Structures are given as C-alpha cells and as structure tokens.
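# missing the sequence, but the structure's below:
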Ligand SMILES: [Zn+2]
C-alpha cells in the first residue's frame, strides 16, 4: 500500500476577504469525493455557534472547537483532510501540529488572518505560510475607496487582539486608507473623543 500524500494549504487575508468561504469550498469538495473531513477552530471563537465554522454568508460546515492545537493530533486520527479556521488565535504550536499531520499523510487546510489590526503578522500565520506547499491570499474591498483591501482596520479604541463581535468593530481597508485611519487615531485622539 502506498503511503498517503499529505501537504499544507494556507488561505489568508483580512477580515471580509472570504477566507472561511474558501476553506468551506475546499472542504465541501473533499466531502463530495467521500474523503473524511474534520474541521477545528480555537475554542475561544464562539461568536456564532460553538459547533459550526460559520462564514459571514452563513454557508456553514460542522466543526470542533479545541482549546489547544495539540488536540488535533488525537482527534484528526483517521482524517483525509483537516481544516483549521481562525488559525491566527492558536499559539505557535499549531505550526508543528500541522507539519506532523501533513507528514503522516493528511491534507491540512489552514484559514486565518495574516495581519492583526496594527498591520503586523498575526500569531502562527507567517510561519505556517513558510512551511505550506500552497498559499492563497484573498482580498476584501476597501470600504473607503473601493480598491482591493488587505488590512483589517479597527474602528474601536480597544487594544485587545481578540475582540469579539468583529463585524461591528472592523472594516476592510486598502493600504493608503489604512494608513490614513491609523494617522487619525494617533494624531487626533482627544478631538475624536470630544466629538462623542
Ligand atoms: Zn481605500
């Protein structure tokens, strides 16, 4: 019997870029081919439903919330394809877990934010992109000017990297509009606060 062939795919981008939709599309194709599919996400992401990976267009697929990435090694046992959603919220151990799964013959598809709200690489995502065979960067549309957007601009003042209820707190922006917004935040904090 031939050894199964494993590999790693990364689907990354800003908020509202359709990462989860792309993850679900790939997983559904595998399911149609009768492959065994399992989907994991960090247990902290309970914005919509604890058991579903739910994309913003409500096209959903069942998933398992896990507190740490290592649990995938046990739970993914007999899977042909493993999906990971919101991967940016796992710690760096996710990289080794994905490599181990791929090495033992599993196709691993990882979706997550490539940058945080400051425009910095997010958690394990940059290293995952380095070890992946395939990297797909998807884009949103800038709410300010309509250009292609790759930044998640935070409208609220919170400094926490994890902010739930995300759709109200963020907007997709292109590079110039993201930089404009960041400048406004740093140069006019008092006048902006005074308006409210
Ligand atoms: Zn723009």
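That came in fine, so what should we check first? Nothing here was measured: the structure is a model prediction, and the numbers come from that model.
# got a list of contacts for the host helix or strand of residue 74?
Per DSSP states H and E, residue 74 falls inside helix 71-75. Residues from elsewhere that reach helix 71-75 (Cβ atoms under 8 Å, 6 or more residues apart in numbering): 38, 40, 64, 66, 82, 84, 97, 100, 101. Using the backbone N, CA and C atoms, a C-beta is placed for each residue, glycine as well.
# wait, doesn't the last one sit right on residue 7?
No: applying Cβ atoms under 8 Å, one finds residue 101 not in contact with residue 7, separated by 10.0 Å.
# Compare the two and say which is more crowded by neighbours.
Here residue 101 and residue 7 are compared on neighbour count by other Cβ atoms under 10 Å; more neighbours surround residue 101, at 21 against 15.
# out of everything not next to it in sequence, what's closest to that one?
Leaving aside its chain neighbours, residue 101 sits nearest to residue 108 (5.1 Å; criterion: Cβ to Cβ, 6 or more residues apart in numbering).
# cool, and residue 106?
Nearest in space to residue 106, with sequence neighbours left out and distances taken as Cβ to Cβ, 6+ apart, is residue 6 at 4.8 Å.
# my guess is the one you found meets residue 107, correct?
Yes: between residue 6 and residue 107 there is a contact under Cβ under 8 Å: 6.1 Å.
# Who has more neighbours out of these two?
residue 107 (23 against 20).
# Check the gap between that one and the ion for me.
As judged by Cβ to the ion, to the nearest Å, residue 107 and the ion stand 36 Å apart.
# Mind listing the residues bridging to that residue?
residue 7, residue 81 (DSSP bridges).
# tell me the contacts of it?
So residue 107 contacts 6, 7, 9, 30, 80, 81, 82 (Cβ under 8 Å, 6+ apart).
# Many thanks, we can stop here.
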